[in-house]
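Asks: Based on what follows, work out the 3D shape:
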Amino acid sequence: MSNYKSSLEIQRPRASSSRSTVFAIVENTTKENLAHQREQSPSRTASVVESIPAKKRWWINNFHLGDEKTVRRIRQRQPRTAATKAVFYTPSGSGSSINHLSFAGTRSDGVLGSGSTNPPYQLAVSAGPRVSLYGGTRSTPLSRSLLYNGGGDKIEVEMDGEGGRVLKKIKPDRSVGTSGRPSLCSSYREDGRLIIVGCDDGYVRVCDSTTRATLRTFKCANGAGGGSGLSVRTVGWIPVDVIKSLSATDDTGGRMIWSGGDDGRVRIWGIGGGSGSADKALELSDNARPTLELVGHGDAVRDCIFVICSTSNTLSAKKEEKKHLLITGSYDHTIRGWDVRGLGNNNGIDNEPKDRCLWSSNHGSPIECLLSISPSGYCSKKSAFPLVVSAGGTTVKIWDALTGLLKRTLNTRHRKTITSLCFYTLPPSTGQGDEDKVMDNEDRLGRRHRLLTAGLDGLIRIHDASTLFDEAASLSGSQIPDLPLVHGINTPYFFTSMAISPDGGRIAFGTNTGIVIIRQKAGRITALGPLPKKRKKYIRAGTHSHFNRGMSEGPNNTNDHVVELKEGRERLKQFDVLLKQFQYSDALDESLRMRDPNSIVAVIEELGRTNGLTRALSGRDEETLEPILSFITNFISEPKYAAILTGVATILCNIYADVVPGQSDVIDREFVRLKQKVRDECRAQKILHGLIGQIDTVMHAFGCDSE
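Replies: I've put the predicted structure just below:
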């Protein structure tokens, strides 16, 4: 507690030299600089990674985290159930680094959400001006790529700058737009339906992960008027089951989120608009004020986590007391614990004279990420408080979440900044093999937990975190033993983010070159879906097998004579199939992708005949509304399309007149172009009518019939 400082004492912003240095390393490093760094530090690739052989084999067998020779041997031995890998670029390309990765199905305090318990879990990748969502179902491109062992011959590949294969055709299931601003962080709600996105312009967006619609936006402002213009680096949800205990008068609609960024402040927002369902109360609002604002950090807030501490009164022993803390880590080298009780009792910024900062500790380096671990779920002692793990520079420290006391400093052996922390719990072992015998012994001792670290040096370190769950070491105020290194691996990538799915089946890594690496655990192919059919053996002509191959066998060489039969009816276009299925919006989008004006107008006429045109044009975001406006602007002056497109333009103006202005620069520009095109056409029609009148006057003067 010697490092404690009141948040009211640290109000003046501090110099951000450390933050600028770290940002320069993460965001402005090009491929040429990376190659130069490798040449200047040959000891990085020549270093020997110490591992425990029995525990190392588990990670090699299940995730192929090991040398290529051993992994290749495992693939040849178990080609159908081996671990798979997918390596690909996001739609933003190699120019945008992967800022954040998050899986759906986990709460901000690390508990598995009740709404998303079925794998595969959707992955949100924050990179460039969008958040790309991957692998929500078993039929998505990412799931199929992992099914075919990372691509193989099924998916076209290209060579990346590091000499590896990068899949080109793994497209996201959908993308959440951010109005052209880079997305820096994201967080799913427990059920996976909503996602928060933090951008570099100081805006926090609450979006629907299914329809991609932006339901509400918050502007992080210092004082009245205008946004701060500083980046939002961390966002998250406060669990809904603890909001009632936090707030005496809940007027947030049952949902709260937090945000923190470069202005050094942490804000807690209520996204509802009163009592009732929070989803129904969502609405666009940029003028909403935060329910609570925590001020005290002197530099950018890099990460936040929500922690619940359970304490019991030893004198009365009547009831457990729960304390709800928000732990923040900043580039000012400090980690702070904030008391967030009383949320929703005031309508604006918290102006109470009391100090909400319970403790403050110095990490010694700019903090990059935080992780919460709750040993109380594994220990019988109720006094086992949650632990907070912080990563900054090349060190990892473990703190007591309630008191802020330092419990252990880890020797990670990283050479550059650690950017990501993850916690992994190993499944029960089968008891077969040397490594499984060691794991089975750990099962009896309750030691089945690992701490993963990844950094800009391309190293992945795996530590044995079982000692965190020992009853003697989990007591408040006592030191815990060191976490031994059980496995490590060198890679040619520079990691900026890492995430693990709630079921432990997938591990995702993000790099500063825009590459995403997803490793799927061995055996997950048969668990998630059917295996692909085996390739049939080639039957050579003239053999007995070729004679008895049957009528269902297709031609297999050029000597077979093939008779092509014409189909009885013409195959329907894709938009016709969608129209028959009453998917009006998808049918209109499919016709726009064909870029055939006749087909697009035909689909619009059919939608108007079936009274589905308004439904097809409603509920669109920036990416789906821009092609329609562009088509109308380009062809509204064509005589054969003018009558139909004029009506469509009128419907669009009626739908988006009160919603679109000021929300997107692209959409505003398209409406301005449409207005100018209509104005020019009206001017031309007026000139033509005047010319026709002059011609009629001349013809009448000469006694001719104007017709």
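Asks: Isn't residue 412 up against residue 451?
Replies: No - using Cβ atoms under 8 Å, residue 412 is not in contact with residue 451, being 9.6 Å away. The way it works is simple: take the backbone N, C-alpha and C, and place the C-beta from them, glycine included.
Asks: okay, and the common contacts of these two?
Replies: Shared contacts of residue 412 and residue 451, defined by Cβ atoms under 8 Å, 6 or more residues apart in numbering, comprise 396, 463.
Asks: Neighbour count for the two, which is higher?
Replies: More crowded of residue 412 and residue 451, by other Cβ atoms under 10 Å: residue 451, with 24 against 21.
Asks: which residues make contact with the host helix or strand of the more buried one from outside it?
Replies: Element membership for residue 451 (DSSP states H and E) is strand 449-455. Strand 449-455 has contacts (Cβ under 8 Å, 6+ apart) with 371, 389, 391, 394, 396, 412, 414, 416-426, 460-466, 468-469, 483, 486, 495, 498, 500, 509.
Asks: CA atoms only: put the next helix-or-strand element following it into CSV for me.
Replies: Using DSSP H and E, the next helix or strand after strand 449-455 towards the C-terminus is strand 459-464. The C-alpha atoms that make up strand 459-464 are tabulated as CSV, following Å, rounded to 0.1, in the frame of the first residue of the first chain:
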residue,chain,number,x,y,z
LEU,A,459,7.3,-15.5,-28.7
ILE,A,460,4.5,-17.5,-27.1
ARG,A,461,5.2,-18.4,-23.5
ILE,A,462,3.1,-20.9,-21.5
HIS,A,463,3.4,-20.9,-17.7
ASP,A,464,2.0,-23.3,-15.2
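Asks: returning to what we had before: compute the inter-axis angle for the strand holding residue 451 and strand 459-464.
Replies: Here strand 449-455 runs at an angle of 160 degrees relative to strand 459-464 (axes from the mean of the first three to the mean of the last three Cα atoms, to 10 degrees).
Asks: Give me the average confidence score over strand 449-455.
Replies: Across strand 449-455, the average pLDDT comes to 92.
Asks: Could you do stretch 593-606 as well?
Replies: Computed over stretch 593-606, the mean pLDDT rounds to 88.
Asks: which residues are in contact with that stretch?
Replies: Residues contacting stretch 593-606 (Cβ under 8 Å, 6+ apart): 573, 575, 579, 587-588, 591-592, 613, 631, 635, 638, 641, 644-645, 648.
Asks: Swap in 7 Å and give it another go.
Replies: 575, 579, 587, 588, 591, 592, 613, 631, 635, 641, 644, 648 (Cβ atoms under 7 Å, 6 or more residues apart in numbering).
Asks: Narrow the contacts of strand 449-455 to just the buried residues.
Replies: Buried by 16 or more other Cβ atoms under 10 Å: 371, 389, 391, 394, 396, 412, 414, 416-424, 426, 460-466, 468-469, 483, 486, 495, 498, 500, 509, out of the contacts of strand 449-455.
Asks: Out of these, list just those in strands.
Replies: Among the buried ones among the contacts of strand 449-455, the members falling in strands (DSSP state E) are 371, 389, 391, 396, 418-424, 460-464, 486, 495, 498, 500, 509.
Asks: on that earlier part again, out of the contacts of stretch 593-606, the closest to residue 298 would be?
Replies: residue 592 (50.8 Å; Cβ to Cβ).
Asks: So this protein: which segments form each domain?
Replies: Split into domains by automatic domain parsing, the chain comes to 16-35+47-96+364-530, 574-701.
Asks: How much space separates residue 235 from residue 373?
Replies: Here residue 235 is placed at a distance of 21 Å from residue 373 (Cβ to Cβ, to the nearest Å).
Asks: which of the two has more neighbours?
Replies: Neighbours of residue 235 and residue 373, each counted by other Cβ under 10 Å, are more numerous for residue 235; the result is 27 against 23.
Asks: residues touching the closest residue to residue 201 other than its chain neighbours, list them.
Replies: Using Cβ to Cβ, 6 or more residues apart in numbering and skipping residues adjacent in sequence, the residue nearest residue 201 is residue 181, 4.7 Å away. Residues counted as contacts of residue 181 (Cβ under 7 Å, 6+ apart) are 129, 199, 200, 201.
Asks: Any chance of those residues in a markdown table with secondary structure, neighbour count and pLDDT as columns?
Replies: Below are the contacts of residue 181 laid out as a markdown table (DSSP: H, G, I helix; E, B strand; the rest coil; neighbours: other Cβ atoms under 10 Å; pLDDT from 0 to 100):
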| residue | secondary structure | neighbour count | pLDDT |
| --- | --- | --- | --- |
| 129 | coil | 17 | 91 |
| 199 | strand | 24 | 92 |
| 200 | coil | 19 | 90 |
| 201 | coil | 18 | 88 |
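Asks: from those, which is closest to residue 137?
Replies: Of all the contacts of residue 181, residue 137 sits closest to residue 129, with 25.3 Å by Cβ to Cβ.
Asks: Quick check: closest non-adjacent residue to that closest one.
Replies: residue 180 (5.0 Å).
Asks: strands paired with whichever strand or helix holds residue 518, and their directions?
Replies: For residue 518, the host element (DSSP H and E) is strand 515-520. Sheet pairing of strand 515-520 (DSSP bridges) gives strand 84-89 (antiparallel), strand 506-511 (antiparallel).
Asks: looking at those, which one has the lowest mean pLDDT?
Replies: strand 84-89 (a mean of 86).
Asks: Dump it to PDB, keeping only the CA atoms.
Replies: This file holds the C-alpha atoms of strand 84-89, laid out as PDB (Å, rounded to 0.1, in the frame of the first residue of the first chain):
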ATOM      1  CA  THR A  84      -5.800 -27.500 -38.000                       C
ATOM      2  CA  LYS A  85      -4.700 -23.900 -38.700                       C
ATOM      3  CA  ALA A  86      -6.100 -21.000 -40.700                       C
ATOM      4  CA  VAL A  87      -3.900 -18.000 -41.700                       C
ATOM      5  CA  PHE A  88      -5.500 -15.200 -43.500                       C
ATOM      6  CA  TYR A  89      -5.800 -11.400 -44.000                       C
END
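Asks: Understood, closing this out.
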